[in-house]
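> what shape does this take:
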Amino acid sequence: MQMATLEAAISGFRFRPQYPALNPSAARFSKTFGRKTRRRSLKCSLVGQQQVEELSNTAQFTDEENALINALIGIQGRGRAASSPQLQEVERAVQKLEALTGMPDPTGSSLIEGRWQLMFTTRPGTASPIQRTFVGVDSFSVFQEVYLRTDDPRVSNIVKFSDVIGELKVEAVASIKDGKRILFRFDRAAFSFKFLPFKVPYPVPFRLLGDEAKGWLDTTYLSQSGNIRISRGNKGTTFVLQKETDPRQRLLSTIFNGRDTREAIDEFINLNQGLAKSEFELLEGEWLMIWSSQEETESWIENAAKGLMGKQIVRPNGDMKFLVDILLGFKFSMTGKYVKSGLNMYDVTMDDAAIMAGPYGIPAEMETKFTLELLYTDEKIRISRGYNKILFVHIRVDGSTQK
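All right, here's what the predicted structure looks like:
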């Protein structure tokens, strides 16, 4: 069956394939069947030596802290869209850190002071409306400010929508109960929009909420460096917060926020090349594409056949599969082979395609050949050049790791 016939076979549907909500550019890939649009290519630019040195001077983490960071890499929505294996990996890493000796009496340490970025949170049904509404959106940045050594001690939760739009700040009066626990009572909140000269009050009557506006926060781990904090709240929620972040975390944050993505990727690759010349292997597992330098191209089926959408599943013995969720249980599947052809280079041939609906499929006569070049990879993130020299960023979503 030729490609045009295959598209016609399901032309009764007009849809957008499902992508992570964190990837605003991914939706552009899905076009009306057969529609052609102009191509965009990536123009790489190297960062200066000073920027590389700044990146290489990032905070050091212990092995146990790195295990937690690795567990967080690739989790979407700060835990909202995490798979069961991913959640289990994070919980194991959290429990290991909580069993260790971090800073004793963390509430009495100056290291707890300052602005913390929220990297992960569990989301029980008792989570606050702010948590349910804003925390799971990757395009927003979420922070917690802790200032206990002032005349007006406070804990504030901040949702930063963007540098252009502004932020929401929810503040609470705070007090120290003991070496771990902070007591708080929310008393004010407001939106600060960049386009308005005044703040807009958040419409919650904290005074009328009584005990509902009160709570506590236990710090169960505070790193000796003061860069990682694990806290558990009175509603059963676990929080992982960081002051300093891993370069991979900063890269993914930039991609999810859709700001200066290409420059951030160039910077990350240049940093890695500057530190060590490495030989990378194409690791097995399920890899979800979250960004591509080619933002617009042919029809959705052309994109799927070239690995511009959905997952790449790398299997033993040189097997590879592209898998794209379409709509109403329909999937696009394409299988093929990869063979190592040089340092960080693989020749890929994909030649067995079908539209799948459960156990049934409509085959398609399609073939795609390209050279895959690995620019960086570890057990959680992969940056590569694929079809037509397009730059890709994939994250691992099967919850497994390889050493």
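> tell me how far stretch 179-199 lies from the chain's centre.
26 Å (CA atoms, centre = their mean, to the nearest Å).
> what is the mean pLDDT for that stretch?
Across stretch 179-199, pLDDT averages out at 95.
> residue 361: neighbouring residues, count only.
14 (other CB atoms under 10 Å). For the C-beta atoms, the positions are set from N, CA and C on the backbone; glycine is no exception.
> actually residue 374, not the one I wrote
19.
> pretty sure it is in a strand, no?
Yes. With DSSP: H, G, I helix; E, B strand; the rest coil as the criterion, residue 374 is part of a strand.
> beta partners for it?
residue 384 (DSSP bridges).
> is it true that it touches residue 282?
Yes. With contact defined as CB atoms under 8 Å, residue 374 and residue 282 form a contacting pair (6.6 Å).
> joint contacts of the two?
Shared contacts of residue 374 and residue 282 (CB atoms under 8 Å, 6 or more residues apart in numbering): residue 346.
> please name the nearest non-neighbouring residue to residue 329.
residue 357 (5.8 Å; CB to CB, 6 or more residues apart in numbering).
> residues contacting that neighbour?
Contacts of residue 357 (CB under 8 Å, 6+ apart): 329, 330, 331.
> do you know the pLDDT at it?
On the pLDDT scale, residue 357 is placed at 89.
> what of residue 11?
39.
> who's residue 314 bridged to?
Here residue 314, judged by DSSP bridges, has bridge partners residue 285, residue 320.
> what is the burial count for it?
As a measure of burial, residue 314 has 20 neighbours, counting by other CB under 10 Å.
> next one: residue 101
The burial count for residue 101: 7, using other CB under 10 Å.
> rewinding a little: just the buried ones from the contacts of residue 357?
Taking 16 or more other CB atoms under 10 Å as the criterion, what is buried in the contacts of residue 357 is 330, 331.
> which of the contacts of residue 357 lies closest to residue 104?
Residue 104 lies nearest to residue 331 out of those, by CB to CB, at 52.7 Å.
> please name the nearest non-neighbouring residue to that closest one.
residue 356 (4.5 Å).
> so how far is residue 235 from the one you found?
Distance of residue 356 to residue 235, given as CB to CB, to the nearest Å: 42 Å.
> now residue 108
Taking CB to CB, one finds residue 108 at 25 Å from residue 235.
> where's residue 281, which helix or strand?
Assigned by DSSP states H and E, residue 281 falls within no helix or strand.
> ok, which stretches of the stretch 151-300 of the chain are helices?
For the stretch 151-300 of the chain, the helices defined by DSSP state H, counting those that start in this stretch occupy 206-209, 247-257, 261-275, 300-305.
> ranking the ones you listed by burial, who's on top?
helix 300-305 (a mean of 24; mean count of other CB atoms under 10 Å).
> so where's the stretch 151-300 of the chain uncertain?
274-277, 295-298 (pLDDT under 70).
> tell me where it has strands.
All strands of the stretch 151-300 of the chain, identified by DSSP state E, counting those that start in this stretch, fall at 154-162, 166-176, 181-193, 200-201, 214-222, 228-233, 238-242, 285-292.
> now for the last one, which elements pack on it?
Spelled out, that is strand 285-292. Judged by 3 or more CB pairs under 8 Å, 6 or more residues apart in numbering; DSSP states H and E, strand 285-292 is in contact with helix 247-257, strand 311-315, strand 391-396.
> switch the cut-off to 6 Å
When contacts are defined as 3 or more CB pairs under 6 Å, 6 or more residues apart in numbering; DSSP states H and E, strand 285-292 sits against strand 311-315, strand 391-396.
> turn those into TSV, including mean pLDDT and distance to residue 241.
Conversion of the helices and strands packed on strand 285-292 to TSV gives the following (pLDDT from 0 to 100; distance: least, CB to CB, whole Å):
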stretch	mean pLDDT	distance to residue 241
strand 311-315	96	30
strand 391-396	94	21
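> setting aside sequence neighbours, what's the nearest residue to residue 337?
residue 318 (5.0 Å).
> and the gap between the one you found and residue 304?
In terms of CB to CB, residue 318 sits 21 Å off from residue 304.
> in contact with the residue lying closest to residue 177 once chain neighbours are set aside, which residues?
Leaving aside its sequence neighbours, residue 177 sits nearest to residue 183 (CB to CB, 6+ apart; 5.3 Å). Contacts for residue 183 (CB atoms under 6 Å, 6 or more residues apart in numbering) come out as 175, 177, 216.
> okay, and the beta partners of residue 183?
Bridge pairing for residue 183 - DSSP bridges - gives residue 175, residue 216.
> quick one: the nearest residue to residue 311 once chain neighbours are set aside and residue 164, what's the gap?
Residue nearest to residue 311 in three dimensions, not counting chain neighbours: residue 323, with 4.7 Å by CB to CB, 6+ apart. From residue 323 across to residue 164, the span is 36 Å (CB to CB).
> the two: which is more packed in?
residue 323 (18 against 8).
> SS state for the more buried one?
strand.
> measure it to residue 355 for me?
12 Å.
> kindly report the same for residue 304.
10 Å.
> which residues do those two both contact?
In contact with both residue 304 and residue 355: residue 332, using CB under 6 Å, 6+ apart.
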